[in-house]
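Enquirer: need coordinates for the following:
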Amino acid sequence: MGFMIRQIDPSAKFADEVSMEAIEAAVPRATVEAVVADLGVAEQRRRKLPAELTVLLTIAMNLFTHHPLDEVLRKLLQGLRFIWPEPDIATANKGAISMARYRLGAAPLVELFHRVCQPMATEQTPGAFLFGLRLMAFDGTNEDLPDTPENAHVFGRPGGNRGDGAFPQAKGFYLLECGTHAVVDAGFWPCRTGEDSCSHRLLRSVTAGMLLMWDSGLHSFDLAQDTRARGAHFLGRVPANVKFRPVWSLSDGSYLAYIYPSDYQRRRRGEHLLVRVIEYTLTDPALPGHGEIHRLMTSLLDPDQCPALELVCAYHERWEIELAVDEMDTHQKLAQHPLRSKKPVGVIQELYALLIAHYVVRHTMHEAALQAGLDPDSLSFTKAVSLICDAIPEFQMALPEQHDALYRRLLGDIARKRLPEREGRTNPRVVKRKMSNFRLKRAEHQHWPQPSVPFREAVEVSHRAAAPLLVMKPEPPFAYREAVPALK
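Expert: Predicted coordinates for the structure are as follows:
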């Protein structure tokens, strides 16, 4: 038996019947209602756009990317309008939508994000764990905003040798689960906010059992120490100007060293942290950084449990966060265009709604991958967005008792939209625009040489002599396994 059209009670109110069952596996309606009630943003009288519907609209506008807000609302209500007893029921116009958004404010979307967006990977998710630790990553990006005095005053403009930037920008900083591309915590600040302060704010969501990775720009003693204080481990790239004094070399070529805080008084008090340093080079001439010495620093000290090559290849997967940012910036909002919102409150509301919409897509893709026994990375993000949008009116029209079957069909459709197997490839970091900090794209960049071997085979870990390297304060070989609690 196929799907059947549900019947609407003639006494029902249109606003009360609006739902998005296609996304409720990730964003339950009960959670939306609880957030609206807890923050006290519900209306005293029922409007065409009550708070719950406005929340759903702000999420949906990041799924129906290329449509103005009144069209987004029409598509959001398409299935319900089709079966409604009154065939010509009207939706809110642009002015009413704008008033409803600013009446709602940003706080409900921020609160909903923190309640809904949690790590989702399971032990069955390929590539989500390493040595029993959940792979997480930090990264940040700047988002262009509409050029209004309010946005410029609150968020500022990026500066440079050529003057201030064309658009105000907001600094976005994300904590991401690498195996699923799910953003599980985020914050937005003025564009000139330092990423070091952003990263410390987001440590609130880092817990025991995680392996947190970061780029060289976030290297600091405090970040490493605070990560360990939360029971998590870290793996980060080290800037070229940082010097280590090795205290013991290990069997896989890595070595142990101490790091210290930058503050002299703290160093005098004896603050320090034992870390493991991995030095490696890339042997494939086509890979960026070929011939250079790259260094990673980690709190995983045991070379037997955590071999250096495995850690190097795991850090290479940190670039998954770049793909997640691209999914949002390229496919969920108009590429090369600023956000829609002309006021700071709307900017924060829109950015958190964007993260929730991205989480909805990634949550659905993860469930589709588990159902089909696939890696979530092998599924098409853009096709998943399209299928979820198509499913919204179908769920609104189908009988409620058939929603489980309809959802399973949606997961099956997403699982069939497979990406071709990823190839090892690289591209020059050049641009066509003349006014840019990157080099100008020229003819020699058109056919850039590609890697000849997989990344793993191109890694060559540097080996130190298997003996103590620090003689300032002689000490016998210590049991590094006792320096940090054993991996669980």
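
Enquirer: the longest strand along the chain pairs with which strands, and in what direction?
Expert: Longest strand in the chain by number of residues (criterion: DSSP state E): strand 133-144. Strand 133-144 has its sheet partners listed here by DSSP bridges as strand 129-130 (antiparallel), strand 169-177 (antiparallel), strand 210-214 (parallel).

Enquirer: after that strand, next one along is what?
Expert: helix 149-155 (DSSP states H and E).

Enquirer: what's next to that following helix, contact-wise?
Expert: Contacting residues not belonging to helix 149-155 are listed as Leu145, Pro168, Gln169, Ala170, Lys171, Pro190, Cys191, Lys342, Lys343, Pro344, Val347 [C-beta atoms under 8 Å, 6 or more residues apart in numbering]. C-beta here means a position set from N, CA and C on the backbone, and glycine is covered the same way.

Enquirer: and the angle for the longest helix seen in the chain with strand 133-144?
Expert: Across the chain, the longest stretch assigned as helix under DSSP state H is helix 344-372. Using axes from the mean of the first three to the mean of the last three C-alpha atoms, to 10 degrees, the inter-axis angle of helix 344-372 relative to strand 133-144 is 140 degrees.

Enquirer: which parts of helix 344-372 are buried?
Expert: The neighbour-count check on helix 344-372 (16 or more other C-beta atoms under 10 Å) flags 344-370, 372 as buried.

Enquirer: picking that back up, so which of the strands paired with strand 133-144 is the most packed in?
Expert: Ranked by mean neighbour count, those are led by strand 210-214 with a mean of 26 (mean count of other C-beta atoms under 10 Å).

Enquirer: that strand - what's its average pLDDT?
Expert: Across strand 210-214, pLDDT averages out at 96.

Enquirer: report the angle between the helix or strand following it and strand 210-214.
Expert: Downstream of strand 210-214, the next assigned helix or strand under DSSP H and E is helix 221-229. Helix 221-229 runs at 170 degrees relative to strand 210-214, counting by the same axes, to 10 degrees.

Enquirer: Gly346 contacts Arg101, correct?
Expert: Yes - counting by C-beta atoms under 8 Å, Gly346 does reach Arg101; the two are 6.2 Å apart.

Enquirer: residue contacts, the nearest residue to Lys94 once chain neighbours are set aside?
Expert: Excluding the flanking residues, the one nearest Lys94 by C-beta to C-beta, 6 or more residues apart in numbering is Asp70, at 5.0 Å. By C-beta under 8 Å, 6+ apart, the residues touching Asp70 are Thr91, Ala92, Asn93, Lys94, Ile97.

Enquirer: among the residues you listed, name the buried ones.
Expert: Counted by 16+ other C-beta under 10 Å, these give Thr91, Ala92, Ile97 as buried.

Enquirer: any chance of those in JSON lines, plus distance to Thr65, pLDDT and secondary structure?
Expert: Converted to JSON lines, the buried ones among the contacts of Asp70 look like this (distance: C-beta to C-beta, whole Å; pLDDT from 0 to 100; DSSP: H, G, I helix; E, B strand; the rest coil):
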{"residue": "Thr91", "distance to Thr65": "19", "pLDDT": "84", "secondary structure": "coil"}
{"residue": "Ala92", "distance to Thr65": "20", "pLDDT": "86", "secondary structure": "coil"}
{"residue": "Ile97", "distance to Thr65": "16", "pLDDT": "92", "secondary structure": "helix"}
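
Enquirer: ranges for the helices of the stretch 1-150 of the chain?
Expert: Listed in chain order, the helices of the stretch 1-150 of the chain (DSSP state H, counting those that start in this stretch) span residues 14-17, 29-38, 51-60, 69-76, 78-83, 94-104, 107-116, 149-155.

Enquirer: looking at those, which one is packed in the most?
Expert: The highest mean neighbour count among these, using mean count of other C-beta under 10 Å, belongs to helix 51-60: a mean of 25.

Enquirer: residues contacting that helix, please?
Expert: Here helix 51-60 has contacts from 15, 18, 20, 23, 27, 29, 32-33, 35-36, 41-43, 49, 69, 72-73, 75-76, 97, 100-101, 103-104, 108-109, 112, 349-350, 353, 356-357, 360, 392, using C-beta under 8 Å, 6+ apart.

Enquirer: let's see it at 6 Å
Expert: The contact list for helix 51-60 (C-beta atoms under 6 Å, 6 or more residues apart in numbering) reads 18, 20, 32-33, 36, 41-42, 72-73, 76, 100, 104, 108, 353, 356-357.

Enquirer: what's the angle between it and helix 29-38?
Expert: 120 degrees.

Enquirer: got the angle between helix 51-60 and helix 69-76?
Expert: Using the same axes, to 10 degrees: helix 51-60 against helix 69-76 is 100 degrees.

Enquirer: going forward can the numbers begin at 30, since that is how I track them
Expert: That works, and once the first residue is 30, the last one we named lands at helix 80-89.

Enquirer: state the mean pLDDT of helix 80-89.
Expert: Mean predicted confidence for helix 80-89 is 93.

Enquirer: how distant is it from the center of its chain?
Expert: 22 Å (C-alpha atoms, centre = their mean, to the nearest Å).

Enquirer: okay, it in PDB with CA atoms only?
Expert: This file holds the C-alpha atoms of helix 80-89, laid out as PDB (Å, rounded to 0.1, in the frame of the first residue of the first chain):
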ATOM      1  CA  ALA A  80       7.500  31.800  17.600                       C
ATOM      2  CA  GLU A  81       7.800  28.000  16.900                       C
ATOM      3  CA  LEU A  82       7.100  28.600  13.200                       C
ATOM      4  CA  THR A  83       9.500  31.500  13.100                       C
ATOM      5  CA  VAL A  84      12.200  29.200  14.500                       C
ATOM      6  CA  LEU A  85      11.500  26.600  11.800                       C
ATOM      7  CA  LEU A  86      11.500  29.300   9.200                       C
ATOM      8  CA  THR A  87      15.000  30.600  10.200                       C
ATOM      9  CA  ILE A  88      16.300  27.000   9.900                       C
ATOM     10  CA  ALA A  89      14.500  26.400   6.600                       C
END
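
Enquirer: next, the angle from that helix to helix 123-133.
Expert: Computed by the same axes, to 10 degrees, the angle separating helix 80-89 from helix 123-133 equals 110 degrees.

Enquirer: so helix 80-89 versus helix 136-145, what angle?
Expert: Using the same axes, to 10 degrees: helix 80-89 against helix 136-145 is 70 degrees.
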